[in-house]
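A.B. asks: Sequence first, then the predicted structure:
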Amino acid sequence: HECAPPIFTMKTPESVLKKQATQAKITKDRAAAAKVAEAKAVSDVTLWTANAKKYAAEYAAEEKAAVDNRRKAKVDGGFYVPAEPKLCLVVRIRGCIGVSPKAKKVMRLFRLLQLHNATFVRLNEATIRMLRLIEPYVTYGYPTRQTVEKLVYKRGFGKLNRQRIPIADNSVIEEGLGRFGITCTADLVHELTTVGPHFKQANNFLWPFKLKNPKGGFSRKTKLLHFMEGGEAGARGEEINKFIKKML
């Protein structure tokens, strides 16, 4: 009768046990982070939907008030004068040849560094004076909410860590402007159109819009003339919206 040889069990090395514990911790943390991210995504969508509805109601109320005021003025035999626009859209239409140093400085302040660059400007006495100074090199006017939306959706790029990042989703806006309560595109458009308290931060977050040459191009004879003389340069009021449509 022979004795069976003793069975030796190998002890798991300490390094393997440590690695297994680390992997288990990483997996657990990842699952917890995914759960938190999922909950945040759901709450974010709810918030963004609520904000969009709130802004839509606000815009509809404004339009209705304007229509009512016009009708009332007509009945009373008077005229309704709407409030002065607070937002201006400036587009550079000439290059750098023959530009005076003062005009160059103003265009640098407005971040109009390249041909067909466009930026938003808050209208006040100082900026109106600056716009008059650079009138031969730019065209500007009052954008509608639809124009602002199209520019942000189609040509919108944000500035994050000094990099030009496309606004592909709301996370880009939240990262750049979340601390100001601007977390989605609806918030950004509302802040720009109403020229809200954080307009400066919202405008600086947006990279200058890079537009294309307008459909049909510019006429060589009239490009340098003022808009009021049949040209392209200078103030064009509400007509800027048709012009931007051709350059998107």
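C.D. replies: Received it, and whenever you're ready, just let me know what you need.
A.B. asks: ok, residue 199 touching residue 190?
C.D. replies: No: with contact defined as CB atoms under 8 Å, residue 199 does not reach residue 190; the gap is 10.6 Å. Every C-beta, even on glycine, is put in place using the N, C-alpha and C of the backbone.
A.B. asks: Residues contacting stretch 154-168, please?
C.D. replies: Here stretch 154-168 makes contact (CB atoms under 8 Å, 6 or more residues apart in numbering) with 152-153, 172-173, 175-176, 185, 204-207, 209-211, 248.
A.B. asks: Over to stretch 92-100?
C.D. replies: Residues external to stretch 92-100 that are found in contact with it (CB under 8 Å, 6+ apart): 104, 107, 112, 114-118, 136-139, 218, 223-224, 232-233.
A.B. asks: Could you list which of the residues you listed belong to helices?
C.D. replies: 104, 107 (DSSP state H).
A.B. asks: Tell me which of the contacts of stretch 92-100 fall in strands.
C.D. replies: 117-118, 138-139 (DSSP state E).
A.B. asks: Any of these buried? List them.
C.D. replies: 117-118, 138-139 (16 or more other CB atoms under 10 Å).
A.B. asks: Show me where this structure has its helices.
C.D. replies: According to DSSP H, the helices that the chain contains are 14-75, 101-109, 125-133, 145-155, 170-177, 185-193, 199-205, 240-247.
A.B. asks: next one: the first one to chain centre, how far?
C.D. replies: Put simply, helix 14-75 sits 17 Å off its chain's centre (CA atoms, centre = their mean, to the nearest Å).
A.B. asks: Mind giving me the ChimeraX select for the contacts of stretch 92-100, buried ones only?
C.D. replies: To isolate the buried members of the contacts of stretch 92-100 in ChimeraX, using 16+ other CB under 10 Å:
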select :107,112,116,117,118,136,137,138,139,224,232,233
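A.B. asks: Look up the residues forming beta bridges with residue 235.
C.D. replies: Assessed by DSSP bridges, residue 235 has beta-bridge partners residue 140.
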